[in-house]
Structures are given as C-alpha cells and as structure tokens.
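>>> need a structure here:
(chains A and B)
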Number of protein chains: 2
Amino acid sequence: MMSKLWVIKIGGNIIDHPEALGRFLAHFAVLRGNKILVHGGGKIATRMASDLGITATMVEGRRITDEAMLRVVTMVYAGLTNKQVVAGLQANGCNAIGLSGADGNTIKAIKRPVAAIDYGYVGDILPNSVDADAIGALIGAGFTPVFSAITHDGNGQLLNTNADTIASALAVALASRYQTSLVYCFEKRGVLRDVNDETSAIPEIRTAEFEALKTSGIVADGMIPKLHNAFEAIAKGVDEVCIGHADDLLLLREQRFGTRLIK
Amino acid sequence: MMSKLWVIKIGGNIIDHPEALGRFLAHFAVLRGNKILVHGGGKIATRMASDLGITATMVEGRRITDEAMLRVVTMVYAGLTNKQVVAGLQANGCNAIGLSGADGNTIKAIKRPVAAIDYGYVGDILPNSVDADAIGALIGAGFTPVFSAITHDGNGQLLNTNADTIASALAVALASRYQTSLVYCFEKRGVLRDVNDETSAIPEIRTAEFEALKTSGIVADGMIPKLHNAFEAIAKGVDEVCIGHADDLLLLREQRFGTRLIK
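Just a heads-up that it's a prediction; the model follows:
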C-alpha cells in the first residue's frame, strides 16, 4: 500500500495575516502523513514593489512580471515569506525545507510564449516539469518541502509561476508513488450551495456530478475553473481534491474539511 | 577512505558582479567531489534597504540588524541572491539546492546576547549548531547545498549570521564524515607577503609557522583574525583551509589555489 501524501496550498488570505498563519502552521505541523506545503504570494510583494517605486502592471487580472517585478517576487516569495513559513514550521516541530522550483531542479517551467499579451517572466508548467525523484528523496529523508511560487527554466532564468498550478502539478507528479490528496485552503468553507451561507458547503462532489452543478448554476464564476482543474488532477491520478478554509485543516483527518472532490 | 568535500565561501566581491559570478558558478559546477557553497551578502541588501528608506545602523563596522533590516537581508540573501545562484548553478548542470539554516533545521543559532551593544537579530553559532546528518542526507541524495547567511533559533526567529562563520561551522561539523577543505574566495590571490604584489602569495602556511608570520609583521591587520579562525577549524578536524581569488578556483585541484593552510 502506498503511503499518504498531502499537498496543501495556502494563499494570500493566510500569508497576509500573522495570526491566521500561526494557527495554520501549528495545525499543518501536527497533520500526520507525508506533506508538501505550497504558498502563494499575498500583498507583501505588491506593497514592496510600490515601496520601491515599481508599478505593478496588470492585464486581465494578471500581473505582468517584468524584470524589476521578478526581483521583487523572488525576494518576497522565495525569501521573506518562504523562510518565515519554514522557521514557523520548525518552531512547531515540523522539519520543513523551503524550495523554489530551481532548488534541486524540482520544478522546471518554460517562459510563457508571447502571444497577444507578453506576460514577461511568467513560467508555465509542462507535463514533465516536476522531478518526482528529487522530491521523493527529500520526503524520504524526512523533510517537508515548502514551495514558493518561483520556478526556473533550467537555463538560469527564474520564473514567476501560479501557486495553484504548482500545487496541482506536484500532486499529479507524485500520485504514482503516494496516495495523494491535493488541498486548497481559501477564504470560504468549501464549495457553497449558497455563496452567502458559510454552512452550505457541499461535502462531496463526484466527477459525474460536476456538469449538473454547472448547468444548475450552483457552481459558477470563479469556482468553475478551480473545479475543472481539480477534476483534471483527479483524472491524472490524484486521489482527492479538498477545498476549504485553513482554520478547518485538521478536519481533513475525518473527511469533514470543506468540499471533497473525488472520482 | 572518506570522500572529498569542498566548503566554498564567496563574498560580495563576486555576488555584486554578474560577470565574476557567472565565471565563478561555471568553475564551481565542474569542480569534482561533494560541494557546499556559502554566499555572503554584497551591496544589494544595503541598496535595497536604502531604496526602502531603511537606514543601516553600523556600530564598530558591524551592521545592526533591527526588524526592518532582518526582513531586507532575508529577502535579499535567502531570496534574490540565493535563488539566482541556484538557478545559475542548475544552468551549469550542478544540482544546487538553496538553504537557510532554518531549512531542514540545518543551522540553528542563538540571538546574540545584548551586552554593550545590541546587535539586534544577529545569530551566533554554537558548537552543536549544525545538523551534519541533515546536510549529509542532502549531499548523499545528490544535491549541492547553497547556504545564504540566514539562520534561525528554532523558535521561529530568523537571524542574520556571518557567512564566514557559517562556512567554518559547516566544515568543522562535516569533517568527521568527509575529507573536508574549507575555501575562502576573496579579492586577493591569497595571503600576500607584500600586500601590493598580487604575485607574492604564500603557497602554504602550517599552524606552527603562523606565530612567526604574525611576529614578523608579514601577516597583519584584517588577515590575522581570518587566519586565526582558519587554524581553529583545522584544529577541529578540517583538512585544509584555502584562501584565494575566485577566478583561480580550479587551481584547487592542483593545490595551487592562493594560500593553503594546513596542520
């Protein structure tokens, strides 16, 4: 039987709030099984850029990563945030090791080709981007990898890469060696039947039910691409994808964390 | 027989110059044997602090690391510089993994006690600070550790720590499992008989000769504490300490790199 692996992604709603982060790290540390943490950015990079007089250019809701902005996100994501998270986990007895995709060549990406928009130094993850051997070796040696949203192209170029995508790529790549759960912590208690009612989380959605939920309008807007990607990860071997609130993390153990997506 | 380990420290004179850094990384990548790279800071942190309106307070030539400055050095050393070095080594086929002392709990330090001067968040390394098992596991798995000058106290606090001291502590801790050479790359070709003559490097100094060189005045000023620390590392089991110019790195293979200090 394969051993258990949790790939857990947290976003800015946790990173930006020291108390929420502290609570999360204490919970993450006691969760049993092999673990990987992936963290997104938060507002610190935007604030840092602004303090340095660098203007963040956004196109269709996406940050354009020019050279100056790449330096900022590398400093903040791979430096400040990653090391604070690692030190916080160590204080909780979890042997965390902070990584970018360049470290150990764990995640290689390609600079997004310039089409209508030039996104700058943004990395896209290819199917064979993740080195499961390298990550497996770290986990096997007792380390808990903590990934920031920075990758590289293998030719010396660092790249800003979407943290949700990194989490999904890691879970898919490791699904052949571990019984893998992919967990997205966000600001809601799960996929809600009624967006205004935090108690209305749908406990479980199967692939076959997804279409009906879309058609009925229960799942809409920003949730559709999130779920689409989740079911894609499941189709590629991930055991389950769980979406819910960071504060509920330990409910994962009883399968009562937010919404659970399964085959 | 123990296998070979190089612990190589580079400073600001390389970090601050992209061309010198590129040359160094290409040479480092082809050096045979197990390797650890330790990098200091350079001027980027000072410039970044100044751009952010943070004033670097210096007392007796030492930077006081207040909370704002700790954030800057964590960003720059453990983020920007470390990841650029790692990506550069990967591009040269060297499987580098970037680490702070918090990562894998590899180097624990204690916040320097406040005496006449409060240095702020500066970490001092204790005799048992280095986890040789953890670092040995990484090297054994085929990774080349690249350390930035950031450590932690194990209770969640990151600490700014002297890179020369980190390199020395790593070499001493690993000397029982590897035949360890500690290499300091600096701006000169070695310990010079005549500071104005770059061709006057002393090829070899034995512990017993050090006192005579001090007495004669040939070794003076800033070089004395450097050599003192080097001979201390040798007394603690390090095989040799080599001091010279980064551009000469590959001369290490023929024992013709700068000045070689031995027992």
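
>>> Let's verify A:Asn13: helix, strand, or coil?
The three-state label given to A:Asn13 by DSSP: H, G, I helix; E, B strand; the rest coil is helix.

>>> what number of residues lie near it?
17 (other C-beta atoms under 10 Å in any protein chain shown). Backbone N, C-alpha and C define where each C-beta goes, glycine included.

>>> and the residue nearest to it when sequence neighbours are not counted, what pLDDT?
Spatially, and ignoring its direct neighbours in sequence, A:Asn13 is nearest to A:Glu187 (4.7 Å; C-beta to C-beta, 6 or more residues apart in numbering or on different chains). On pLDDT, A:Glu187 comes in at 90.

>>> Distance check, the closest residue to chain B within the stretch 51-200 of chain A against A:Thr57.
At 1.9 Å from chain B, A:Gly79 is the closest residue in the stretch 51-200 of chain A, using C-beta to the nearest C-beta. For A:Gly79, the distance to A:Thr57 equals 22 Å [C-beta to C-beta, to the nearest Å].

>>> Could you list the contact residues of the stretch 1-150 of chain A toward chain B?
Residues of the stretch 1-150 of chain A found near chain B (C-beta under 8 Å from any C-beta of the partner chain) are A:48, A:51-53, A:71, A:74-80, A:82-84, A:86-88, A:90-91, A:95-100, A:102-105, A:134, A:137-138, A:141-143, A:150.

>>> Mind doing that once more with 7 Å?
A:51-52, A:71, A:74-76, A:78-80, A:83-84, A:86-88, A:90-91, A:95, A:97-98, A:100, A:102-105, A:137, A:141, A:143, A:150 (C-beta under 7 Å from any C-beta of the partner chain).

>>> Next, count neighbours for the residue of the stretch 51-200 of chain A closest to chain B.
A:Gly79 has 32 nearby residues by other C-beta under 10 Å.

>>> Quickly find the element holding A:Asn82.
Per DSSP states H and E, A:Asn82 falls inside helix A:82-91.

>>> So what's the gap between the one helix or strand A:Lys9 maps to and the chain middle?
Per DSSP H and E, A:Lys9 falls inside strand A:4-10. Centre-to-centre, strand A:4-10 and its host chain are 8 Å apart (C-alpha atoms, centre = their mean, to the nearest Å).

>>> What mean pLDDT does that strand get?
Here the average pLDDT along strand A:4-10 is 98.

>>> for stretch A:248-260, same thing?
95.

>>> So which bits of that stretch are buried?
Across stretch A:248-260, burial judged by 16 or more other C-beta atoms under 10 Å in any protein chain shown covers A:248-249, A:252, A:257-260.

>>> what's next to that stretch, contact-wise?
Residues outside stretch A:248-260 that contact it (C-beta atoms under 7 Å, 6 or more residues apart in numbering or on different chains): A:24, A:27-28, A:31, A:183, A:185, A:189-191, A:201-205, A:240, A:242-245.

>>> Which residues are in contact with the nearest residue to A:Ile135 once chain neighbours are set aside?
In space, and not counting its chain neighbours, A:Ile135 is closest to A:Thr106: 5.6 Å by C-beta to C-beta, 6+ apart. Counting by C-beta under 7 Å, 6+ apart, A:Thr106 touches A:99, A:130-131, A:134-135.

>>> Top of those residues by number of neighbours, please.
Sorting these by how many neighbours each has (other C-beta under 10 Å) puts A:Leu99 first, at 29 neighbours.

>>> OK, contacts around that residue?
By C-beta under 7 Å, 6+ apart, A:Leu99 lies in contact with A:106, A:145-147.

>>> Looking at those residues, state which has the most neighbours.
With neighbours defined as other C-beta under 10 Å, the most crowded of these is A:Phe147; it has 29 neighbours.

>>> And what about the closest residue in space to that residue that isn't next to it in sequence, helix, strand or coil?
Distances taken as C-beta to C-beta, 6+ apart place A:Val38 nearest to A:Phe147, at 4.7 Å, with adjacent residues excluded. Using three-state DSSP, the structure places A:Val38 in strand.

>>> go on, the one 10 residues further on?
Secondary structure of A:Met48, reduced to three states by three-state DSSP: helix.

>>> Pretty sure it sits against A:Val76.
Yes. Counting by C-beta atoms under 7 Å, A:Met48 touches A:Val76, with 5.6 Å between them.

>>> out of these two, which sits in the busier spot?
Between A:Met48 and A:Val76, counting by other C-beta under 10 Å, A:Val76 is the more crowded of the two (28 against 20).

>>> Would you map the strands across the stretch 101-250 of chain A?
A:107-111, A:123-130, A:144-147, A:150-152, A:158-160, A:179-186, A:204-206, A:240-245 (DSSP state E, counting those that start in this stretch).

>>> and the strand holding A:Lys9, what other elements does it pack with?
strand A:34-39, helix A:163-174, strand A:179-186 (3 or more C-beta pairs under 7 Å, 6 or more residues apart in numbering or on different chains; DSSP states H and E).

>>> closest one to B:Leu126 among those?
strand A:34-39 (28.5 Å; C-beta to C-beta).

>>> okay, now A:Lys263: neighbour count?
Using other C-beta under 10 Å, A:Lys263 is surrounded by 12 other residues.

>>> OK, contacts around it?
Applying C-beta under 7 Å, 6+ apart to A:Lys263 gives the contacts A:206-207, A:234.

>>> which among these gets closest to chain B?
A:Ile234 (30.2 Å).

>>> circling back: could you look over the strands of the stretch 101-250 of chain A and pick the most buried one?
strand A:150-152 (a mean of 30; mean count of other C-beta atoms under 10 Å in any protein chain shown).

>>> what comes into contact with that one?
For strand A:150-152, contacts defined as C-beta under 7 Å, 6+ apart pick out A:73-74, A:77-78, A:100-102, A:107-109, A:123, A:158-161, B:83, B:87, B:90.

>>> what's the distance between A:Leu251 and chain B?
25 Å (C-beta to the nearest C-beta, to the nearest Å).
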